[in-house]
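> Coordinates for the following, if possible.
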Amino acid sequence: MKLGLQLGYWGAGPIDNAPELIAAAEESGFDAVFTAESWGSDAFTPLAWWGSATSRVRLGTAVAQIAARPPTSVAMHALTVDHLSGGRHILGLGVSGPQVVEGWYGQPFAKPLARTREYVQVIRDVLAREGKVVNDGPHYRLPYPADAPGSTGLGKSLKPITHPLRSDIPIWLGAEGPKNIALTGEIADGWLAIYYTPRLADHYEECLAEGMARPGARRTRDEFEVAATVQVEITDDVPAAIARYKPSTALYVGGMGAEELNFHAEVYRRMGYGDAVDEIGAHFRAGRKEAAVAAVPDEMVRETMIVGTAEEVRAEIGRWESAGVSMLMVTARSVDLVRELGALVYSDPDR
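Residues are numbered from 1 along each chain as shown. Next up is the predicted model:
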């Protein structure tokens, strides 16, 4: 088991103690540090800024949103960060959802799986630097067709000026639905899992195996990384810890997506919490946020987090590892917790 520090995206401002958290993570044996983006701070700038003070940890995006940049642009970001970090970059990508893609980026959301496949292929073509990058679409035409609306007809195929440090920068995909997880198993180097539960490990492994069985699949299961974002708390007061995470669960289930399409809510439906999801969503959409939080069952929170005494947390980490998770991406926000988790995982003689 590896540990990653998930810094996520900013709220109203930067994470005040991010440099201290990152330093503690590197000192404590963490494997990687990740940043994210939603519709505020971007993922790459904080990663490069804060990552410049590191020398060992891998630096990843979890996730950078596909709609935010053309694939050639994100390839430029990736090869730049990889050079500056000495080959420590992980490019984590995700499709986000229609509210953000169409409402914030002004891009169509239709056919997200096909878009992801094409997007990743263009990035790999840029990083391979074997020739001029050409893509026939239909989503990312390179060069822009001469007969397309607004075209000057002067577009030309190019290959990157800068030679990538690595042609095989690992690409991990954030995926929640079965088809997207299968696609991840086929074309990616790792899966960024959110709201993971070991209880459904067999289902997840079946989805990954489906993708890895397809012709031309990139990795075998032994070569593939599964990184699960998880809240970890070492405490004797489990009910209080669960209560602290109910507001964020209610937000993502009830407010981070439309009533017609909310990928986070669908994850919990597949986990068997359909009635709770309906109640949380109804309260949230009606503006009854306190009622939405109160409608979140304890177990709905607990099974996607690791909480308890040090011994209980150690045992749970072993259970997640046995389920197929190779990295826990923890959302720790205190230096003490970062160090405690590092000592807990990396000092275990059986690990």
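> Strands of the chain, residue ranges please.
Here the chain has its strands, by DSSP state E, at 2-6, 32-35, 58-61, 64-65, 89-94, 171-174, 190-194, 225-234, 305-308, 327-330.
> Let me know which of those strands is the nearest to Cys207.
In terms of CB to CB, the element of these nearest to Cys207 is strand 190-194, at 9.2 Å. C-betas here are computed from N, CA, C, even on glycine.
> how about that closest one as CSV, C-alpha atoms only?
What follows is strand 190-194, C-alpha atoms only, in CSV (Å, rounded to 0.1, in the frame of the first residue of the first chain):
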residue,chain,number,x,y,z
GLY,A,190,-4.3,3.7,-13.2
TRP,A,191,-7.8,4.3,-11.8
LEU,A,192,-8.6,7.3,-9.6
ALA,A,193,-11.5,5.9,-7.5
ILE,A,194,-13.8,8.1,-5.4
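> helices and strands around that strand, which ones?
strand 89-94, strand 171-174, helix 178-187, strand 225-234 (3 or more CB pairs under 8 Å, 6 or more residues apart in numbering; DSSP states H and E).
> returning to that earlier point: just put the strands of the chain in CSV and tack on distance to Val133 and mean neighbour count.
Shown next, in CSV, are those (distance: least, CB to CB, whole Å; neighbours: other CB atoms under 10 Å):
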stretch, distance to Val133, mean neighbour count
strand 2-6, 31, 23
strand 32-35, 26, 27
strand 58-61, 21, 26
strand 64-65, 19, 24
strand 89-94, 16, 27
strand 171-174, 16, 25
strand 190-194, 24, 25
strand 225-234, 27, 22
strand 305-308, 42, 21
strand 327-330, 31, 26
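> Ok, which of those strands comes nearest Val120?
Judging the strands of the chain by CB to CB, what sits closest to Val120 is strand 171-174, at 6.0 Å.
> Is it possible to get the strands of the chain out as a markdown table so that each row also shows mean pLDDT and distance to Thr162?
Below are the strands of the chain laid out as a markdown table (pLDDT from 0 to 100; distance: least, CB to CB, whole Å):
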| stretch | mean pLDDT | distance to Thr162 |
| --- | --- | --- |
| strand 2-6 | 98 | 27 |
| strand 32-35 | 98 | 22 |
| strand 58-61 | 98 | 18 |
| strand 64-65 | 98 | 19 |
| strand 89-94 | 98 | 14 |
| strand 171-174 | 98 | 18 |
| strand 190-194 | 97 | 24 |
| strand 225-234 | 96 | 26 |
| strand 305-308 | 96 | 41 |
| strand 327-330 | 98 | 29 |
